[in-house]
Every structure is written in structure tokens, then in C-alpha cells.
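*Asks:* All I have is the shape, not the residue letters:
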């Protein structure tokens with residue numbers, strides 16, 4: 001059903017429930033309610049209903065407490081076991097699951113350079129001006 005209001009589609013296996021256009025006397029095991037026939041903005045959406053049980057299935061609109069159903073918004077589908085989808089609708093099966101590689105499966109890690117000695121024998125460079133200022137302060141204080 002396409003609808004521009006927030007309505008429900010009823011799926012039932014009970015012919016009496018279908019004929020009455022009401023779920024008042026239905027059992028929880030033979031009736032399913034599919035809600036939200038709208039995106040909330042007044043735009044129609046499609047309600048997908050799985051056909052998983054081979055049997056006669058009845059569908060009707062729950063809008064207006066069954067008024068829409070009594071005016072023809074209802075239909076019957078006979079679901080039978082078959083060959084599946086036609087070839088033009090079949091999709092190839094997904095590839096088998098392969099877990100992501102673990103640390104041992106990644107191979108050796110790239111080489112990382114390791115510094116074992118400081119450049120210039122451990123003497124810090126680039127701070128010469130600070131050392132010069134320290135010497136001048138010491139000389140002035142003497």
C-alpha cells in the first residue's frame with residue numbers, strides 16, 4: 001500500500017479477520033501489523049512484507065478503523081514453495097566471509113630507525129645564544 005498518512009498494513013492468515021477488516025478478535029500468532037506508511041513528511045513510502053510461509057495470506061489497510069479495507073484496500077496472496085526468484089532478479093551470492101588479517105598475518109613491519117647515540121657526542125646544538133648570555137651574566141656579576 002502506498003499512503004500519504006501514517007497508516008498500518010495488516011497481514012493475517014485468518015480469513016475471518018480479513019473478512020471483518022479488523023484485528024479486534026485476532027490471535028497474536030496469525031496477525032502481524034506493519035506500521036509507518038509515511039516518512040513523517042507526508043511523502044508515501046513502501047512497506048515491505050516478507051512472504052516466508054507457504055499459505056494463503058491476507059492483507060488489508062488498518063486506516064480509518066477498517067473503512068479503507070471495506071472500500072477495497074485489501075488483497076489476498078497465495079504463497080507457494082517455488083523455484084525462487086526469476087533469473088533476471090537473482091543476485092550472485094556474496095563472497096564467503098574472510099576474517100581480517102591479524103598481526104601475525106600482516107608480515108614483517110616496516111623498519112623503524114633506532115637512535116643508539118646522540119649526535120655530536122651528546123652535546124646539544126642550536127642553543128649557543130643561551131650559553132653566550134649565561135657567560136655574559138656571570139662575567140658581569142664577577
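*Replies:* Sure thing, it's come through. These numbers were taken from a predicted model, which means no experiment stands behind them.
*Asks:* Next up, the contacts around the nearest residue to residue 17 once chain neighbours are set aside.
*Replies:* Spatial nearest neighbour of residue 17, excluding adjacent residues (C-beta to C-beta, 6 or more residues apart in numbering): residue 26 at 4.3 Å. In this view, the C-beta of every residue, glycine as well, is placed from N, C-alpha and C. For residue 26, the contacting residues are 12, 14, 17, by C-beta atoms under 8 Å, 6 or more residues apart in numbering.
*Asks:* Format those as CSV; extra columns: neighbour count.
*Replies:* Shown next, in CSV, are those (neighbours: other C-beta atoms under 10 Å):
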residue, neighbour count
12, 19
14, 16
17, 20
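*Asks:* from those residues, which is closest to residue 52?
*Replies:* Nearest to residue 52 among those: residue 12, at 14.4 Å, using C-beta to C-beta.
*Asks:* Kindly list the main-chain dihedrals of the closest residue to the closest one other than its chain neighbours?
*Replies:* Spatial nearest neighbour of residue 12, chain neighbours left out: residue 31 (4.4 Å); criterion: C-beta to C-beta, 6+ apart. Note on residue 31: backbone dihedrals following degrees, to the nearest 10 are phi -140, psi 130.
*Asks:* Next up, the contacts around residue 31.
*Replies:* Residue 31 neighbours (C-beta under 8 Å, 6+ apart): 10-14, 17, 23.
*Asks:* go on, residue 60?
*Replies:* Contacts of residue 60 (C-beta under 8 Å, 6+ apart): 9-10, 12, 18, 21, 66, 68-69, 73-75.
*Asks:* Which of the residues you listed fall in strands?
*Replies:* If you go by DSSP state E, these have 9-10, 12, 74-75 in strands.
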